[in-house]
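S.K.: Model the structure of this input:
(chains A and B)
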Amino acid sequence: MAEVQEIEIRDSAATAAAARSFPPAEDLQDVQGEKMILNMGPSHPSTHGVLRIILELDGEVITKATPDIGYLHRGDEKIAENMTYTQFIPYTDRLDYLAPMANNVAYALAVEKLLGIHDKLPPRCQYLRVICAELARISSHLLGVGCFAMDVGAMTVFLITFTEREKIHNLCESLTGARFTTSYTRIGGVSRDTPPGWCDAVRKFLGEVMVNVAEVETLLTRNKIWVDRTRDVGVISKETALDFGLTGPNLRGSGVDYDLRKAQPYLCYKDLQFDVPLGSVGDCYDRYLVRMEEMRQSVRIIHQCLDKLPGGFDNKSKEPVNVADGKIVLPPKSKVMSSMEELIHQFMLVTQGVNCPPGEIYFGHENPKGELGFYINSRGGGTPYRMKIRSPSFVNLSILSHLLPGHMMSDTVSILGSFDFVMGECDR
Amino acid sequence: MDALDLAKKLQARFGDLLPERTEFRGETTLTVADAEHIAEICAFAKQKLGFDYLVDISSVDNYGEDPRWMIVYELYGIGHRHYLRLKMSVCEEKSELPTVTGVWRTADWHEREIYDMMGVRFRGHPDLRRIIMWEGYPYFPLRKDFPLGGKPTELPDIAFTKTAPIEGGPFVTAPGSKDAIEREPRAKTFEG
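M.R.: Numbers count the residues shown, from 1 in each chain, chains lettered A, B, ... in the order given. Model (predicted):
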């Protein structure tokens, strides 16, 4: 026989009276402006993956924000210590998975810096890598702006930018054989030269993307709702942005002139004409404007690269795309089976990896999201002793607990959208 | 003024604290003799030498050597466009050094990550909690004596409880060992 318990049902007046008498009067100050804890994420649509933010709200105003990351941690740095430099290339695709080609370029350049060959790359390889990195930048910014707009309610933009992104994936597919996980670069070069007609396809795409970037501008830049949602929201001053180590469009949106392509020119960037757009206020609107202009500048860079591409579109003069060093780059398969030296090189590269000298280097690359850096500590041999990945999204997100308090709950969506982070790279 | 001059200025100011300077691939590295003074050195580098941007803090586990930990600071000046690397050793018994969050606030998450992955503590850090692994995780996974396959754990509410199987995983290999089993790093266990 179950025990029957009396329950007390109060009317509303009695509930209010009970609430007044509890808690005791001296603790009333804590109760005023009662705080609510709200879990945003890890699967909230505007967190672009698995970011979780624990928000403390007073009404609709955020009083405290605690980001919680690590849901996508795969131990990439540990994995890197246990395989050869070349074997790690596919893992770099999965860092910033919205711009895999830029990660490939960054990683290859870091290892080449350790080898001391980063300024001896063949010119065609350099131009191809710049084209890849800039295509990745356009692709990433298209997604960043599209998702940002969708999060604050402008659905159309997303449809336009995703149509354009699709074309970039098609270009990636014909160049590398994969749409997302490109793994295009190799230590000392790239995996293959351009297929026939690829450069013409890139030219055609550049014309189309400019039209659609202009279309997005007409939809957003002077749109009243868009401006109201983004202007003067999430303002970051120059000093704060630098203090928190922001990089990429988020830093330049605050007006700090720091672009690694200009500050530490690598590849062939010093032969190319382009401007670095800067914001003036440092709000979400400025970060959006910087991304829009960066896409135009990337288009400009790729046009110049195609004009100057050594060997031309079809590479009739057989310009090399890899460094001429059998101890770094795999020999052609036809020679492996017929020549002793190539066979030895191939065997050593596949089983032992590229033999790197002992030493430590840091290389920072201007990725779409900011500065992607690799710190490699080598003790010689084919595997890194320690590889630290300095990912831009990780550092950019560290400002959230400082930036969000004082904003309205709905501004969180604008701020997160304007930061354009990706958790694959943040959590590694 | 190039990176070398800046490094010399820093050495002139701190003397014996920065005994060693190395150049590799155009990068300047200064070794700090005593990790206890890192915050002062960083504050001077930021205020007087224009290193206003802390790029990164890394940690290296020199397993089997003494001192075991090496902490590496990567500094950059937006104005003069030069990098400078500061590195210092911390012994395993101590596993602690002062924080530089007072100099650059970006150090906050970098230091939390090092604490999370290596187990080196930063004295004076405002909020030294695990950042990537969850609160209560018992190991420090980037230490060299933590096997790649993971360790079995008795903890409840954790997705895995056994070490990962060797077969069927991604092809990983550590070159220079005598046979395939030795080359497979997940098969390795460190004693102690």
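S.K.: measure the nearest residue to A:Tyr107 once chain neighbours are set aside to A:Ile138 for me?
M.R.: Ranked by C-beta to C-beta, 6 or more residues apart in numbering or on different chains and with sequence neighbours excluded, the top spatial neighbour of A:Tyr107 is A:Thr92, at 4.4 Å. Yep, even glycine has a C-beta here, placed from its N, CA and C like the rest. To A:Ile138, A:Thr92 is 19 Å away according to C-beta to C-beta, to the nearest Å.
S.K.: residues contacting the residue nearest to A:Tyr107?
M.R.: A:Thr92 makes contact with A:100, A:103-104, A:106-107, A:183 under the criterion C-beta atoms under 8 Å, 6 or more residues apart in numbering or on different chains.
S.K.: Tell me where chain B has helices.
M.R.: The residue ranges that make up the helices of chain B, judged by DSSP state H, are B:3-14, B:38-49, B:107-118, B:180-183.
S.K.: Restricting to C-alpha, output the first one in PDB.
M.R.: This file holds the C-alpha atoms of helix B:3-14, laid out as PDB (Å, rounded to 0.1, in the frame of the first residue of the first chain):
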ATOM      1  CA  ALA B   3      65.300  41.100 -34.400                       C
ATOM      2  CA  LEU B   4      68.900  40.500 -33.400                       C
ATOM      3  CA  ASP B   5      69.300  44.100 -32.100                       C
ATOM      4  CA  LEU B   6      66.100  43.800 -30.100                       C
ATOM      5  CA  ALA B   7      67.300  40.500 -28.600                       C
ATOM      6  CA  LYS B   8      70.600  42.200 -27.700                       C
ATOM      7  CA  LYS B   9      68.800  45.000 -26.000                       C
ATOM      8  CA  LEU B  10      66.800  42.600 -24.000                       C
ATOM      9  CA  GLN B  11      70.000  40.700 -23.000                       C
ATOM     10  CA  ALA B  12      71.700  44.000 -22.100                       C
ATOM     11  CA  ARG B  13      68.800  44.800 -19.700                       C
ATOM     12  CA  PHE B  14      68.600  41.400 -18.100                       C
END
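S.K.: and it, what does it pack onto?
M.R.: In terms of contacts (3 or more C-beta pairs under 8 Å, 6 or more residues apart in numbering or on different chains; DSSP states H and E), helix B:3-14 is packed against strand B:20-24, strand B:27-32, helix B:38-49, strand B:83-90.
S.K.: quick one: which of these is nearest B:Arg123?
M.R.: Closest to B:Arg123 of those, according to C-beta to C-beta: helix B:38-49, at 9.5 Å.
S.K.: Distance from the closest one to the middle of the chain?
M.R.: Its chain's C-alpha centre and that of helix B:38-49 lie 19 Å apart, by C-alpha atoms, centre = their mean, to the nearest Å.
S.K.: Touching it from outside, list them.
M.R.: Applying C-beta under 8 Å, 6+ apart, the contact partners of helix B:38-49 are B:6, B:9-10, B:13-14, B:17-18, B:32, B:51-52, B:54, B:71, B:73, B:75, B:77, B:84, B:86, B:88, B:97-100, B:102-104.
S.K.: Which pLDDT value goes with B:Pro156?
M.R.: According to the per-residue confidence, B:Pro156 scores 61 in pLDDT.
S.K.: Of all residues in chain B, which one is closest to chain A?
M.R.: Going by C-beta to the nearest C-beta, chain A is nearest to B:Thr106 of chain B, at 3.1 Å.
S.K.: where does the residue nearest to that residue when sequence neighbours are not counted fall, helix, sheet strand or coil?
M.R.: Ranked by C-beta to C-beta, 6+ apart and with sequence neighbours excluded, the top spatial neighbour of B:Thr106 is A:Gly245, at 3.1 Å. When states are read from DSSP: H, G, I helix; E, B strand; the rest coil, the local structure at A:Gly245 comes out as coil.
S.K.: now swap in A:Ala102 and tell me
M.R.: At A:Ala102 the chain is in helix, as set by three-state DSSP.
S.K.: wait, it sits on A:Val130?
M.R.: No: using C-beta atoms under 8 Å, A:Ala102 and A:Val130 do not qualify as a contacting pair, with a distance of 10.5 Å.
S.K.: quick one: which of the two has more around it?
M.R.: With other C-beta atoms under 10 Å in any protein chain shown as the criterion, A:Ala102 and A:Val130 differ in neighbour count, and A:Ala102 comes out ahead with 28 against 24.
S.K.: neighbours of the residue in the stretch 101-250 of chain A that chain B sits nearest to, just the number please.
M.R.: Closest approach of the stretch 101-250 of chain A to chain B (C-beta to the nearest C-beta) occurs at A:Gly245, with a separation of 3.1 Å. A:Gly245 has 28 neighbouring residues, counting by other C-beta under 10 Å.
S.K.: give the contact list for it.
M.R.: Taking C-beta under 8 Å, 6+ apart as the definition of contact, the neighbours of A:Gly245 are A:395, A:398, B:53-55, B:104, B:106.
S.K.: Nearest to A:Val233, out of the helices of chain B?
M.R.: With C-beta to C-beta as the criterion, A:Val233 lies closest to helix B:107-118 of the helices of chain B, at 23.2 Å.
S.K.: List the contacts of that closest one.
M.R.: A:77, A:394-395, A:398, B:54, B:56-59, B:61, B:69, B:71, B:99-101, B:120-122, B:125-133, B:140-143.
S.K.: Could I get the contacting residues of A:Pro358?
M.R.: Remark: with contacts taken as C-beta under 8 Å, 6+ apart, A:Pro358 is in contact with A:378-380.
S.K.: okay, the helices and strands packed on helix B:3-14 in TSV with mean neighbour count next?
M.R.: Formatted as TSV, the entries for those read as follows, by neighbours: other C-beta atoms under 10 Å in any protein chain shown:
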stretch	mean neighbour count
strand B:20-24	13
strand B:27-32	21
helix B:38-49	18
strand B:83-90	22
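S.K.: now the end-to-end length of stretch B:94-111.
M.R.: Counting by C-alpha to C-alpha, to the nearest Å, the length from the leading to the trailing residue of stretch B:94-111 is 16 Å.
S.K.: That one: which residues count as buried?
M.R.: Buried residues in stretch B:94-111, defined by neighbour count with 16 or more other C-beta atoms under 10 Å in any protein chain shown: B:95, B:97-101, B:103-111.
S.K.: So for stretch A:362-369, mean pLDDT?
M.R.: The predicted model gives stretch A:362-369 an average pLDDT of 92.
S.K.: helices and strands of chain B: which one bottoms out on pLDDT?
M.R.: Among the helical and strand segments of chain B, the one scoring lowest on mean pLDDT, DSSP states H and E is helix B:180-183, with a mean of 56.
S.K.: Done for today, thanks.
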